[in-house]
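# Make a model of this:
(2 chains)
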Amino acid sequence: VDTTQLLKGVLDVAVLAVVAQEDGYGYDVVRRLRGAGLTDVGDASVYGTLRRLYSQGALTSYVVPSDEGPHRKYYGINDQGRAMLAAQRGDWRTFAGTMTRLLDEEGAA
Amino acid sequence: VNGTKGQAGAREAVHRYAAEVRRQLGDLPPDQVEDLTDGLEADLADALADGPPTEEGAAVDVAARFGSPGAYARELRAAAGIPDGADAPAKPWPERVQRLRAGAARAGATVRRQPWVEPVASAATELRPLWWVARAWIGYQVMMWLVIQSDLLLWHIRPERDGMPNRALHWVLLLGLVIISVQWGRGRWGAGQLPRLSRWVTVAALLLVVPVGWFTYESRFYGPEVSDVRYVEVPAAAPVPEDGVWVDGMQVSNLFVYDADGAPLSDVQVYDDRGRAVRTTTDDGWGAYELPGVRGTWAFVPAHDEDGRRRWNVYPLLGAPYEEFDWNAPNATGTVEDLLPTEPRVPPRPFAQAPAVVPRAAGEHGAPAAADPEDAPGAGVAGTQDQGPGPAPSGAPTPGEAPVP
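Numbers count the residues shown, from 1 in each chain, chains lettered A, B, ... in the order given. The predicted structure is shown next:
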C-alpha cells in the first residue's frame, strides 16, 4: 500500500487533530505529525494544507515575532474547525471500521 | 565563531531557497503568494535545525533536504488546493494564441532534450549576477537619457551619454541601481512580496537594450551635456584664395587690354607689383572655358618667350574652340599647343573698341605739360598718349627682362 496516497486523503483531519491539541506553527505541526508516526509527510504538503484549512475558515492564524530570525505564523483551531474535525473523525472511524472488518474477514476466510 | 558563521550561511541559504519558491509561484497574485509563503523562512530554518547537523564549514544545501524549489512550490500549491498555473490558466487564450503556445512548448521540449542545454542553462544561472549588474547599467543610461531629454536637474546631475560614470554622483547613482537590482535578483527588498518584480525589471531592461545601446553608440557625436569648459568662438582663418584673376567674386579666363585710344592691344604681358606673372588659368591649357555670348567652349594656348619658355601671362590668351583641338592625337607630346592643327586665334573680345582716355588738360597741372617733352620723348609723337613717364606709348610694349615668379 502506497502510504503517501493514503496520507493525501487523511492529511486534513490529521492536521486538524494536531492543531486541536495545541496551537502550532508550520514546522511544529510537521514535527508533531512525524512524531505521531506519519514519517513520510512532506513539509510543503502540511504548509499548504494549513493555508487551505485557514482559508476555508477552519483555523485561526496569528504571527509571533521571533527573537532571532524570521517571525512564525501560528495556527489554532476554531469552532468551525472543531466541527469539521468531529465530522471527519466520525467518517474515519466508519471507514476504518469497514476496512478493518473487510480485511479481517478476508484474512479469516 | 564557526557556529555563528554556519548559522549565517544557513540563514542565507534559506533566504535564497524561499525566494526561489516565491518566484516559482510568480503566476499567482502577490497576496496569495504572501499567504502561502508567510513564515516559510522560519519553517525551513527550524526543519534544517531539526535535521542531521551539517558538517562544520560545509555549505548548507537546502535543496538536498527539501527537494528543488519548483517541486516544493508545486507541493505547497497542490496541498493548498490552488490549481497549477499550467493546468488552469486564469483566462483562456484565443485559439490561435493557444496553438502558438503549444507549438512553442513543443519546441521548448525538443530543445530541452538536447545534451548541451543542461550545461548552458547552468552557466546562465551562474551568470545571473552579471545580468543583474548589466540591468542596473541599462537603468542608469535610461536615467541619463531622461535627464537629458527633460532638462530636469540637468545642472545637478550633469549627465553623460557615454555610459561611463565620471562624477562621484554618477557612481553613486550607478552603484545604487546595482545594489537594488542585485537585491531584487536575490529576492530581497520587496521582490519576495512581489515575486514578479525581478522578472518585470528584466523584461523592461531587455526591451530597453536596443534604444540604450543606440543612445550610447550615438554619444560619440556629442560632447558633455553640461560642461565646465566654455567654448569661445574665434574667427577662423580666411580661406586661402585660389589662383587666378577674380573680378567681382568671379574668376576670369582671359584679359583684354586696350590702349588709351581704346584700341585693342595684343601680346600684352601682365605682372603684379612683385614681378610675378599674372595668370588667369593654371591648368596648362587643358581646361575648357565658357566665353560670354559664345556657343561652345574654348581652350587656350600659351605664348612663348625668346628662350622657348611658355608664357601664360600674355594677354589676350589665344586659343580656339575646344573641338578644334585634336585631343586624341597619337603623337601628342603633352602640350596643348601641339594638339591644335590651326593657328591660335584671339577669342571674341568684349568690344572692338574701348572708350578713349581723355588726356589730362594742359592747364590742370602746369608742370607736367612743360616737363613731358623732356621726360618722355615718345609723348610728343603720340600726342594723345598718357602723360606719365614710361615706355613707348603705343604698340606692343616689350619690357626687356620679365622676372619669372
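
# Nearest to the spatial middle of chain A, which residue is it?
Nearest to the mean C-alpha position of chain A, by CA atoms, centre = their mean, lies A:Val15 at 1.6 Å.

# Would you confirm that that one contacts A:Thr49?
Yes. Between A:Val15 and A:Thr49 there is a contact at 5.1 Å, judged by CB atoms under 8 Å. In short, each C-beta sits where N, CA and C put it, glycine included.

# How about the residues of chain B by chain A?
Residues of chain B lying close to chain A by CB under 8 Å from any CB of the partner chain are B:11, B:35-36, B:38-47, B:50, B:66, B:72-73, B:75-81.

# May I see the ChimeraX selection of the buried members of those?
In ChimeraX, this line selects whichever of those come out buried by 16 or more other CB atoms under 10 Å in any protein chain shown:
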select /B:11,35,36,38,39,40,41,42,43,44,45,46,47,66,72,73,75,76,77,78,79,80
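
# out of the residues of chain B next to chain A, which are inside helices?
Among the residues of chain B next to chain A, the residues falling in helices (DSSP state H) are B:11, B:35-36, B:40-47, B:50, B:66, B:72-73, B:75-79.

# Let me see the contact set for whatever residue of chain B ends up closest to chain A.
The minimum distance from chain B to chain A, using CB to the nearest CB, falls at B:Ala79 (2.6 Å). B:Ala79 sits next to A:Leu11, A:Gly42, A:Ala44, A:Ser45, A:Val46, A:Tyr47, A:Gly48, A:Thr49, A:Arg51, A:Arg52 when contact means CB atoms under 8 Å, 6 or more residues apart in numbering or on different chains.

# how far away is it from B:Leu318?
Applying CB to CB, to the nearest Å, the value for B:Ala79 to B:Leu318 is 111 Å.

# Contacts for whichever helix or strand B:Trp200 is part of next, please.
Using DSSP states H and E, the element containing B:Trp200 is helix B:197-218. Residues from elsewhere that reach helix B:197-218, judged by CB under 8 Å, 6+ apart: B:23, B:26, B:131, B:134-135, B:138-139, B:141-142, B:145, B:161-163, B:181, B:184-185, B:187, B:190-191.

# what's the answer for stretch A:36-55, then?
A:3-4, A:7, A:11-12, A:14-16, A:18-19, A:26-27, A:29-30, A:33-34, A:59-61, A:75, A:81, B:35-36, B:40, B:43-44, B:47, B:66, B:72-73, B:75-81.

# tell me the mean pLDDT over that stretch?
Averaged over stretch A:36-55, pLDDT sits at 89.

# what do you get for stretch B:122-136?
Per-residue pLDDT over stretch B:122-136 has a mean of 87.

# same check, this time on stretch B:182-201
Stretch B:182-201 carries an average pLDDT of 75.

# My understanding was that B:Trp246 contacts B:Val252; is that so?
Yes. With contact defined as CB under 8 Å, B:Trp246 counts as touching B:Val252 (7.1 Å).

# Tell me where the chain has helices.
The chain I'm using is chain A. Applying DSSP H to chain A gives helices spanning A:3-21, A:26-35, A:43-55, A:79-108.

# Oops, wrong one, chain B.
Remark: helices assigned in chain B by DSSP H are B:2-24, B:30-37, B:40-50, B:62-66, B:69-79, B:95-112, B:117-126, B:128-150, B:154-157, B:168-185, B:197-218, B:366-375, B:377-382.

# Any chance you could give me the fifth one in PDB, C-alpha atoms only?
Listed in PDB are the C-alpha atoms of helix B:69-79, where the atom choice follows Å, rounded to 0.1, in the frame of the first residue of the first chain:
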ATOM      1  CA  PRO B  69      12.200  24.800  -5.100                       C
ATOM      2  CA  GLY B  70      10.000  24.100  -8.100                       C
ATOM      3  CA  ALA B  71       8.800  20.800  -6.600                       C
ATOM      4  CA  TYR B  72       8.400  22.400  -3.200                       C
ATOM      5  CA  ALA B  73       6.300  25.100  -4.700                       C
ATOM      6  CA  ARG B  74       4.100  22.600  -6.600                       C
ATOM      7  CA  GLU B  75       3.600  20.500  -3.400                       C
ATOM      8  CA  LEU B  76       2.700  23.600  -1.500                       C
ATOM      9  CA  ARG B  77       0.300  24.700  -4.100                       C
ATOM     10  CA  ALA B  78      -1.300  21.300  -4.500                       C
ATOM     11  CA  ALA B  79      -1.900  20.900  -0.800                       C
END
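
# Straight-line length of stretch B:21-35, end to end?
Using CA to CA, to the nearest Å, one end of stretch B:21-35 lies 13 Å from the other.

# Only the buried residues of that stretch, if you could.
By neighbour count on 16+ other CB under 10 Å, the buried set for stretch B:21-35 is B:Val21, B:Arg22, B:Arg23, B:Gln24, B:Leu25, B:Gly26, B:Leu28, B:Pro30, B:Gln32, B:Val33, B:Glu34, B:Asp35.

# With stretch B:255-263 instead?
Buried, per 16+ other CB under 10 Å, within stretch B:255-263: B:Leu255, B:Phe256, B:Tyr258, B:Asp259, B:Ala260.

# Any chance you could give me it in PDB, C-alpha atoms only?
C-alpha atoms of stretch B:255-263 as PDB (Å, rounded to 0.1, in the frame of the first residue of the first chain):
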ATOM      1  CA  LEU B 255      42.100  89.600 -70.100                       C
ATOM      2  CA  PHE B 256      41.700  92.200 -72.800                       C
ATOM      3  CA  VAL B 257      43.900  95.200 -72.900                       C
ATOM      4  CA  TYR B 258      43.100  98.500 -74.700                       C
ATOM      5  CA  ASP B 259      45.300 101.400 -75.100                       C
ATOM      6  CA  ALA B 260      44.500 105.000 -74.300                       C
ATOM      7  CA  ASP B 261      42.700 105.400 -77.600                       C
ATOM      8  CA  GLY B 262      40.600 102.400 -76.800                       C
ATOM      9  CA  ALA B 263      42.200 100.300 -79.400                       C
END
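
# Strands of the stretch 251-400 of chain B, start to end?
Using DSSP state E, counting those that start in this stretch, the strands of the stretch 251-400 of chain B run over residues B:268-269, B:289-290, B:297-301, B:303-304, B:310-311, B:314-315, B:318-321.

# pLDDT of the second one, averaged?
Regarding strand B:289-290, the rounded mean pLDDT is 85.

# so how far is that strand off the chain centroid?
How far strand B:289-290 lies from its chain's middle: 39 Å, per CA atoms, centre = their mean, to the nearest Å.
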